[in-house]
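Visitor: would you be able to build a 3D model of this:
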Amino acid sequence: MKKLISLLAAIVMGVPAYAAWFLDRDNTMVDADDDVGAAMAVILGPTGTVTQAIQVCSGVYLATAHGALDSPIIARDNGRSVSPAGKASMRLIAYPMSRENLTEALDEVDYISPRLRDPSLWENGRENTDYVFITVDDPPRPQSFVTPLFMTPDQLIDNADRLEVFMYRGKSRYQGAKTGGLDYNEDIAISDSDVPALIRLYQQPQRVVQSCEFLPNGMTLDGYVAHDSPTEQGASGAPYISQFDGMSYLVGINTRGGDGNVEEFSALYAGASSILMSSAFCADYETACGRPCTSLSDVMTLE
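Guide: Predicted coordinates:
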């Protein structure tokens, strides 16, 4: 554990916090002691970022690009070169966070992301490219993974009344987050630099008890759909899950959130807290895992 704390201390630094907790919904979370929780991990990125990840086939994890890769924008602002993807820039730790569950991707070839193929995507507004597939050596639980279900933003909106989509994420580092709106105050939050507290925090992934609600007019041009599930700094990469016939499927990941508590979901502007749909990353999933995403029509009758 001391070795892990030293490793984390060298990586984690303070970063701005963003949160969107909606007060007209149930924000209660429970321990995710299911197949999804077993597939989840935490990634420590090259610029002090902490992000969630999920194993989508044996040895391959999906996370956000902004959490797992070095941004050329941040590198430029700090007057340095971009850290290449690989062993020195990213650590992946499956839940529960411990030294035994630490693994790593050794070389840049172990990463698949449109932002690695074309770094200009960081700056041109193509937010639907904010993902990366990471192949790791010796995954702690190689058979614990969740297959993506190909779903477009239109399909989600059109079938929202027939779908239950649940957000899985890490515990909140803010107070007051168990039942309602969090106490959105950096002075009383667990600090990114408090490494022992972070380790204690990420022992068990969580499932938000109430399923996500989606804004009918909340679809954006870049493949996002606005939702009301609670997000905050460190929840990037969190998976959104639907179940069919007892099987869990990944329908998207969290890549961005709003700022602070929101009284009503209807007051949210489209895109503030959004799910990046699987249709944005299923082509690269097939490259990374050697098989296609499951089709929505294979698990439910489409209207």
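Visitor: now do the helices in the stretch 101-250 of the chain.
Guide: 114-117, 153-158, 195-201 (DSSP state H, counting those that start in this stretch).
Visitor: nearest to Met29, out of these?
Guide: helix 195-201 (12.5 Å; CB to CB). (Glycine included, C-beta is placed from N, CA and C.)
Visitor: could you list the buried residues of the closest one?
Guide: 195, 198-199, 201 (16 or more other CB atoms under 10 Å).
Visitor: re earlier: quick one, which of the helices of the stretch 101-250 of the chain gets closest to Ser83.
Guide: Ser83 lies closest to helix 114-117 among these, at 12.2 Å (CB to CB).
Visitor: name the residues of that closest one that come out as buried.
Guide: Neighbour count says helix 114-117 has 114-116 buried, by 16+ other CB under 10 Å.
Visitor: and of these, the nearest to Ala65?
Guide: Distances from Ala65 to the buried residues of helix 114-117, taken by CB to CB, are shortest for Arg115, at 4.6 Å.
Visitor: and the closest residue to Val50 other than its chain neighbours, what does it touch?
Guide: Distances taken as CB to CB, 6 or more residues apart in numbering place Gly234 nearest to Val50, at 4.7 Å, with adjacent residues excluded. Contact partners of Gly234, counting by CB atoms under 8 Å, 6 or more residues apart in numbering, are 50-52, 170, 173.
Visitor: now do the residue nearest to the spatial centre of the chain, the pLDDT please.
Guide: Nearest to the mean C-alpha position of the chain, counting by CA atoms, centre = their mean, stands Gly237 at 1.0 Å. With respect to pLDDT, Gly237 scores 94.
Visitor: just Ile188 next, same as before
Guide: Listed pLDDT for Ile188 reads 75.
Visitor: ok, Leu302 to Ser295 distance?
Guide: Using CB to CB, to the nearest Å, we find Leu302 at a distance of 10 Å from Ser295.
Visitor: ok, Gly237 - contacts?
Guide: 43, 51-54, 62-64, 67-68, 253-255.
Visitor: which one of these is nearest to Arg126?
Guide: Using CB to CB, Thr255 is the member of the contacts of Gly237 that lies nearest Arg126, at 12.1 Å.
Visitor: hang on, isn't that closest one packed against Val132?
Guide: No: look at Thr255 against Val132 with CB atoms under 8 Å: they stay out of range, at 11.3 Å.
Visitor: who touches both of the two?
Guide: Thr64.
Visitor: quick check: bridge partners of the residue lying closest to Met29 once chain neighbours are set aside?
Guide: Spatially, and ignoring its direct neighbours in sequence, Met29 is nearest to Gln206 (3.9 Å; CB to CB, 6+ apart). On the basis of DSSP bridges, Gln206 is bridged to Asp31, Arg169.
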